[in-house]
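Chemist: Provided below are the primary sequence and the corresponding predicted coordinates.
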Number of protein chains: 2
Amino acid sequence: MHDLLFDFISKYIALTDDEKNAIVSLDVFRSFKKGATLLKEGQKSNDGYFVLKGCIRTYYIIGGDEKTTAFYTEMEALTPHCVINKAPSEYYISCVEDTILIFSTPDMEAEMFSKFPKFESLCRILAEEFLAKQQINFDEFKTSSPEQRYLNLLQKRPDLIQRVPQHQLASYLGIKPQSLSRLRARILEKDKG
Amino acid sequence: MHDLLFDFISKYIALTDDEKNAIVSLDVFRSFKKGATLLKEGQKSNDGYFVLKGCIRTYYIIGGDEKTTAFYTEMEALTPHCVINKAPSEYYISCVEDTILIFSTPDMEAEMFSKFPKFESLCRILAEEFLAKQQINFDEFKTSSPEQRYLNLLQKRPDLIQRVPQHQLASYLGIKPQSLSRLRARILEKDKG
DNA sequence: TAAATACGTTCACTTAAGTTAAGAAATGAT
DNA sequence: ATCATTTCTTAACTTAAGTGAACGTATTTA
């Protein structure tokens, strides 16, 4: 299980055995069952998550129904907004599948950063990379129609369409579940004709 | 002019005079006229920008017309995607107003980081903070209608509605200029009635 | 200053998403 | 295995965004 993590990190920086041991000794690997809730609206938390295996999602409850806004799968990290701004969470986080996560807190990070400054470089690079990627995602979202967004998702993250319930995908695409159903029927119709 | 920058940085970390001088000696302040283009689609560049004064925007040209996807104003930083992934730019960047920017490159950053590790902390913190903020923005975008997005913008960044042409705002809101016009008329009508 | 260009609004029409409701299919729990 | 719940689809109707065009008003610029 640790190898998954070290293989990933090795793409960015080289780790000494000392550094690897420091990570292992933090003992931050945790398993969750499908449907388990990691964070609720209104809660305060200091936990950040790194997905080793499985899938988690963030969602709001607005006017009584769930709006899923993001999915995090293998090798993706999520530091909830409430950790950054030290306020109660605006959203929920739960597991879409059985999931293995690495937990982190600002304190743990601070300790690691001072012992191994290299880790702070890693975190900076990952944050900058993810930020640039997010910006492109947002740009694509703004400049395309729901149908284009669905087709785009089909290209870029076909796995998500398999692993995630339609009604969660719908809000991720910025539309209602009924509209997603209709839109898919429309696409099938076009393909036939 | 330097004070603007140091006041901002002091919110995150304390700088020694040595460190301040290191920044000043980089001599990275540059002025641009309204309309000036900083980056074009297809170009490669290593420049990141930090807005000291004014406003810049990123836009795509899709099917012949401009789609503005982001605005950066005072104390906001932009590292274009093409700098991160070392590929030609997918978008344009230009000045909405007369603007004063700080330029940076990965090389300059690397040098500063090795001389003053504190700067890497600052950049990590800024990146994480901006990432969390962007995620919330994206969430709000996904979970609201064009009209709600406009009203939300009116609350959160009323300055933008003043400083930016309507047709640029429209694509920023994910709609056509005509739809923005209509939507505004609709809101005025409601307010009256 | 005159002509050209760009910008914002309005209108009529088309297309697609939101809404409400009903029923079928899949999933989970006892 | 059965029942209950959740999920997905379909349909009819409403509402709003996309489209194409026209028009008036800045703003450029020749």
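Modeler: That came through, no problem.

Chemist: show me the strands in chain A, by range?
Modeler: A:29-32, A:37-39, A:48-53, A:55-62, A:65-73, A:77-78, A:92-95, A:99-104 (DSSP state E).

Chemist: of all these, which one comes closest to DNA strand D?
Modeler: Closest approach to DNA strand D among the strands of chain A is made by strand A:65-73 (8.0 Å; Cβ to the nearest atom of the strand). C-beta: built from backbone N, CA, C; applies to glycine.

Chemist: let me see the mean pLDDT of that closest one.
Modeler: Strand A:65-73 carries an average pLDDT of 96.

Chemist: ditto for stretch A:129-141
Modeler: On average, stretch A:129-141 scores 97.

Chemist: stretch A:183-193 now?
Modeler: Rounded mean pLDDT across stretch A:183-193 is 83.

Chemist: tell me the buried residues in that stretch?
Modeler: Within stretch A:183-193, the residues scored as buried using 16 or more other Cβ atoms under 10 Å in any protein chain shown are A:Leu183.

Chemist: that one near DNA strand C anywhere?
Modeler: Yes: Stretch A:183-193 comes into contact with DNA strand C (Cβ under 7 Å from any atom of the strand), by way of A:Leu183, A:Arg186.

Chemist: so how far is that stretch from its chain's centroid?
Modeler: Chain-centre distance of stretch A:183-193: 30 Å, with Cα atoms, centre = their mean, to the nearest Å.

Chemist: give me the contacts around that stretch.
Modeler: A:Pro146, A:Glu147, A:Tyr150, A:Leu151, A:Ile175 (Cβ atoms under 8 Å, 6 or more residues apart in numbering or on different chains).

Chemist: how about the residue lying closest to A:Ser94 once chain neighbours are set aside, what does it touch?
Modeler: Using Cβ to Cβ, 6 or more residues apart in numbering or on different chains and skipping the chain neighbours, the partner closest in space to A:Ser94 is A:Thr37 (4.5 Å). Taking Cβ under 8 Å, 6+ apart, we find A:Thr37 in contact with A:Tyr92, A:Ile93, A:Ser94, A:Cys95.

Chemist: now do the same contact list for A:Ala132.
Modeler: Taking Cβ under 8 Å, 6+ apart, one finds B:Thr79, B:Pro80, B:His81, B:Ile84, B:Asn85 in contact with A:Ala132.

Chemist: A:Asp159 now?
Modeler: Contacts of A:Asp159 by Cβ under 8 Å, 6+ apart are A:Thr73.

Chemist: roughly how far does A:Ser144 sit from A:Leu39?
Modeler: Separation of A:Ser144 from A:Leu39 (Cβ to Cβ, to the nearest Å) stands at 30 Å.

Chemist: compare those two and say which is more crowded by neighbours.
Modeler: Per other Cβ atoms under 10 Å in any protein chain shown, whichever of A:Ser144 and A:Leu39 has more neighbours is A:Leu39, with 21 against 16.

Chemist: pLDDT score for the more buried one?
Modeler: 97.

Chemist: and for the one 3 residues further on?
Modeler: If you check A:Gly42, the pLDDT there is 96.

Chemist: quick check: phi and psi on it?
Modeler: phi 90, psi -20 (degrees, to the nearest 10).

Chemist: right, and it touches A:Tyr91 too?
Modeler: No: using Cβ atoms under 8 Å, A:Gly42 is not in contact with A:Tyr91, being 10.0 Å away.

Chemist: now, the most widely separated pair of the contacts of stretch A:183-193?
Modeler: A:Leu151 and A:Ile175 (13.5 Å; Cβ to Cβ).

Chemist: which one of these two is surrounded by more residues?
Modeler: Set side by side, A:Leu151 and A:Ile175 show more neighbours around A:Ile175, with 19 against 14, by other Cβ under 10 Å.
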